[in-house]
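S.K.: heads up, no residue letters with this:
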Ligand code: NAP
């Protein structure tokens, strides 16, 4: 358990070195969790401070660690264990971890306050991070019950259907090395490991040292839970040392931080020579645009003001996605500046433990100094119109001992002729308002940031929104179009979401992460595979059209989930489709589309005569492949994927079906709801079975194809 000691020792100038030694001796050194145990690094390490009080709380060092062994341990232990697990097992593991961390979240909040974070800031970091685990856990439902998966559609490569291609994704044999920024010590780790663990590869996490005490506390909880296999997660608190010397092409390195550090790491000789995938999320001059249609009397005006204020004060502006540039039509700059300043003026800055406080401190004195020096650079072309570089009124804290800074609004009147506002990131509660004339100007200004993580346009005018999105998309990783209709439920400008891509071109690092299933592909090797459909079926465990079928021995609907074999196949009797059938289906369904009516004059249409409804053909197919009036292990049919009608079926045509077991996904049982002790179906062990339905005519040509989705009972629980 995390047990950082607080020190009351104050540094006195005259006793500086003596006091420092005493302080270091008293400090709790953070652990590094490597090669299966908690290890303290050599030496005294870097002191870490409570950002609110300035008191030293712990120290961190990774000196003396053997980074080569750490990576080898991850590859040999963690990777081997994870790659054997199926996506379903990994997903359930993530869910268990998320539930476990939720049970222990209160202690993380207690530690998080020390980084200057308010309750809301900590919620974004802690529960936002855990939310990423839940979200990735749920992705298992879109993945097979296998350690690997197919990617995309099958490719037909021959006329005789004996040779085909596909793409397969297998977990890389290496380790994900995550080098993270200081601003989100929990989210930063969890949003990344959720993805690599689901993909089946282990992680070594190196949080930024200044806030690593919080990451360490979470990792201690993860390790003690024993939910992850050994070697799946290691932690380095302190310098990354020479770890990059030992990476290889099976590893993936992700970096979140400043563009300067990112460039240094990205150009590391081993990264280049070993062709190691390197995903970079760097600093970003994100912007918001007030649409030309928005006036002070419109709801979008207040929405804009609130969004800007939120982005300045949440996490004291230490968010990679925070709005740094505000573009407003030139005739509204003055009024908008006043509105934002009024809102900022209501913000109570101070000790985040005080409930009235809305903005805490920066993560440390070093970070405050850095923001001040960046603002000085911005002031070459801007002026401060709200806030102060030097002073801030704080509640329940000491503005000098704690790393507090006033929220600041700057004005740059010449955004086209000056560059600092588009180049200099002040990673704190600072944003610059700038005028624009036309929407094209606003688009051009947004691009002067040379690539950002996200941009927002606030407008109620669809034409403005479309023009902005289509022209600005080249330079931004995410675009939020905000107006009255969505504002209440909007997740906001600054929130990257697990199911949407996070990253941005150019200056933002050129990286991409998360984005639902897109994210896991960064940790999987995509390989094209070619062969006969029968071979590709055997390898992938997904039935491919034209593969040799398997005699199921009995109707496959009579088999339990465990008994079904991929490729179990039946070919049905034939059924003649009559004009009377089509008339009846038209009457019953009400679908009186002209092509299905005998009364239609077919001159100039796509058809020769009355044609059967595609849905009727599919229904008739079900009539052919569904077996028996008796109850059987098939519990229900819940849909059809990829249904296509490929050739018209005219009256008099006989159709028959080839029905093949395509894919099986075991389902864990839902937890029993204690409020409703018995919901029909909830206590039945079951899995999803997909069936390929191919419908042929008298000429043995395909007239329809689809994938039927059923739930099939299991004999045993999993
Ligand atoms: P930073 O100074 O670049 O550090 C980032 C990480 O790199 C830290 O873990 C740091 O470790 C490590 N590092 C520094 N030098 C290294 C080296 N030579 N070898 C290996 N690792 C090294 O950035 P920061 O100050 O922590 O974070 C603030 C910046 O991050 C801002 O510019 C912000 O825009 C950016 N950021 C971007 C995103 C995004 O998603 N795009 C998200 C958050 C933050 P130490 O702490 O031990 O030095």
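M.R.: Okay, I see it. Treat the numbers as computed from the prediction; the structure is a model and nothing was measured.

S.K.: Name the SS class of the residue of the chain most remote from its centre, please.
M.R.: What lies farthest from the middle of the chain is residue 599; by Cα atoms, centre = their mean that is 54.5 Å. Judged by DSSP: H, G, I helix; E, B strand; the rest coil, the three-state class of residue 599 is coil.

S.K.: Please apply the same query to the one 4 residues further on.
M.R.: The three-state label given to residue 603 by three-state DSSP is coil.

S.K.: and it, how many neighbours does it have?
M.R.: A count of nearby residues for residue 603, using other Cβ atoms under 10 Å, gives 5. Placement of C-beta: from N, CA and C, glycine included.

S.K.: Kindly report the same for residue 644.
M.R.: Other residues near residue 644 come to 11 when the count uses other Cβ under 10 Å.

S.K.: which stretch of helix or strand covers the nearest residue to it once chain neighbours are set aside?
M.R.: What sits nearest to residue 644 in space, not counting adjacent residues and going by Cβ to Cβ, 6 or more residues apart in numbering, is residue 705, at 5.3 Å. Secondary-structure element containing residue 705, defined by DSSP states H and E: strand 702-713.

S.K.: Could you list the contact residues of the stretch 501-650 of the chain toward the ligand?
M.R.: Counting by Cβ under 6 Å from any ligand atom, the stretch 501-650 of the chain comes close to the ligand at 508, 509.

S.K.: all strands of the stretch 501-650 of the chain, in order?
M.R.: For the stretch 501-650 of the chain, strands defined by DSSP state E, counting those that start in this stretch occupy the ranges 501-502, 513-514, 524-531, 569-571, 575-576, 634-645.

S.K.: quick one: residue 551 from residue 659, how far?
M.R.: Using Cβ to Cβ, to the nearest Å, one obtains 13 Å as the distance from residue 551 to residue 659.

S.K.: Quick check: phi and psi on residue 167?
M.R.: As for residue 167, its main-chain torsions (degrees, to the nearest 10) stand at phi -130, psi 140.

S.K.: contacting residues around it?
M.R.: If a contact means Cβ atoms under 8 Å, 6 or more residues apart in numbering, then residue 167 has 150, 151, 152, 526, 527, 528, 529 as its contacts.

S.K.: swap the cut-off to 6 Å and go again
M.R.: Applying Cβ atoms under 6 Å, 6 or more residues apart in numbering to residue 167 gives the contacts 151, 152, 526, 528.

S.K.: how about the nearest residue to it, chain neighbours excluded?
M.R.: Leaving aside its chain neighbours, residue 167 sits nearest to residue 151 (4.1 Å; criterion: Cβ to Cβ, 6+ apart).

S.K.: What residues does that neighbour make contact with?
M.R.: With contact set as Cβ under 6 Å, 6+ apart, residue 151 has these partners: 167, 169, 526.

S.K.: and of the residues you listed, the nearest to residue 82?
M.R.: Set against residue 82, the nearest of these by Cβ to Cβ is residue 169 (14.5 Å).

S.K.: count of residues packed around that closest one?
M.R.: The number of residues packed near residue 169 is 21, by other Cβ under 10 Å.

S.K.: let's number from 667 now, not from 1
M.R.: With the count now opening at 667, the last piece we talked about shows up as residue 835.

S.K.: Is it in a helix, a strand, or coil?
M.R.: Here residue 835 is strand, with the state taken from three-state DSSP.

S.K.: Apart from its neighbours in sequence, what residue is nearest it?
M.R.: With Cβ to Cβ, 6+ apart as the measure, residue 1190 is the residue that lies nearest to residue 835, at 3.9 Å, once sequence neighbours are left out.

S.K.: residues in the stretch 717-866 of the chain within reach of the ligand, list them.
M.R.: Contacts of the stretch 717-866 of the chain with the ligand, taken as Cβ under 6 Å from any ligand atom, map to 845, 846, 847, 848, 849.

S.K.: what do you get if the cut-off is 5 Å, keeping everything else the same?
M.R.: Residues of the stretch 717-866 of the chain lying close to the ligand by Cβ under 5 Å from any ligand atom are 845, 847, 848.

S.K.: wouldn't the second one be in contact with residue 872 here?
M.R.: Going back to what we said before, that points to residue 847. No: contact criterion Cβ atoms under 6 Å: residue 847 and residue 872 do not qualify, at 10.9 Å.

S.K.: tally of neighbours for the residue nearest to residue 1028 when sequence neighbours are not counted?
M.R.: Residue nearest to residue 1028 in three dimensions, not counting chain neighbours: residue 1069, with 4.3 Å by Cβ to Cβ, 6+ apart. When neighbours are defined as other Cβ under 10 Å, residue 1069 has 26 of them.

S.K.: swap in the one 3 residues further on?
M.R.: Other residues lying near residue 1072 total 22 when counted by other Cβ under 10 Å.

S.K.: Which strand or helix spans it?
M.R.: Since the elements are taken from DSSP H and E, residue 1072 ends up inside neither a helix nor a strand.

S.K.: Let me know the pLDDT of it.
M.R.: Looking at residue 1072, its pLDDT reads 97.

S.K.: Next secondary structure element downstream of the helix or strand containing residue 736?
M.R.: Per DSSP H and E: residue 736 is located in helix 733-739. Remark: after helix 733-739, the chain's next helix or strand is helix 746-750, criterion DSSP H and E.

S.K.: Mind giving me the packing neighbours of that following helix?
M.R.: Packing partners of helix 746-750 (3 or more Cβ pairs under 6 Å, 6 or more residues apart in numbering; DSSP states H and E): none among the helices and strands.

S.K.: residues making contact with that helix?
M.R.: Taking contacts as Cβ under 6 Å, 6+ apart, the residues outside helix 746-750 that touch it are 813, 837, 866, 895, 898.

S.K.: Among these, name the ones in helices.
M.R.: In helices, judged by DSSP state H, none of the contacts of helix 746-750 are found.

S.K.: Make CSV from these and add neighbour count, pLDDT and distance to residue 1074 to it.
M.R.: Converted to CSV, these look like this (neighbours: other Cβ atoms under 10 Å; pLDDT from 0 to 100; distance: Cβ to Cβ, whole Å):
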residue, neighbour count, pLDDT, distance to residue 1074
813, 16, 97, 51
837, 24, 98, 46
866, 27, 98, 46
895, 18, 98, 48
898, 26, 98, 43
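
S.K.: any idea of the angle the longest strand anywhere in the chain forms with strand 1300-1311?
M.R.: Secondary structure assigned by DSSP state E gives strand 1320-1333 as the longest strand of the chain. With axes from the mean of the first three to the mean of the last three Cα atoms, to 10 degrees applied, the angle from strand 1320-1333 to strand 1300-1311 works out at 130 degrees.

S.K.: ok and the helix or strand following strand 1320-1333 relative to strand 1368-1379, angle-wise?
M.R.: Following the chain from strand 1320-1333 toward its C-terminal end, the next helix or strand by DSSP H and E is strand 1352-1362. Interaxial angle, strand 1352-1362 versus strand 1368-1379 (the same axes, to 10 degrees): 160 degrees.

S.K.: which other helices and strands contact strand 1352-1362?
M.R.: The criterion is 3+ Cβ pairs under 6 Å, 6+ apart, and the helices and strands that strand 1352-1362 contacts are strand 1320-1333, strand 1368-1379.

S.K.: Dig out what the residue nearest to residue 937 when sequence neighbours are not counted forms beta bridges with.
M.R.: In space, not counting the residues next to it along the chain, residue 937 is nearest to residue 944; the distance is 5.5 Å by Cβ to Cβ, 6+ apart. Beta bridges link residue 944 to residue 919 when assigned by DSSP bridges.
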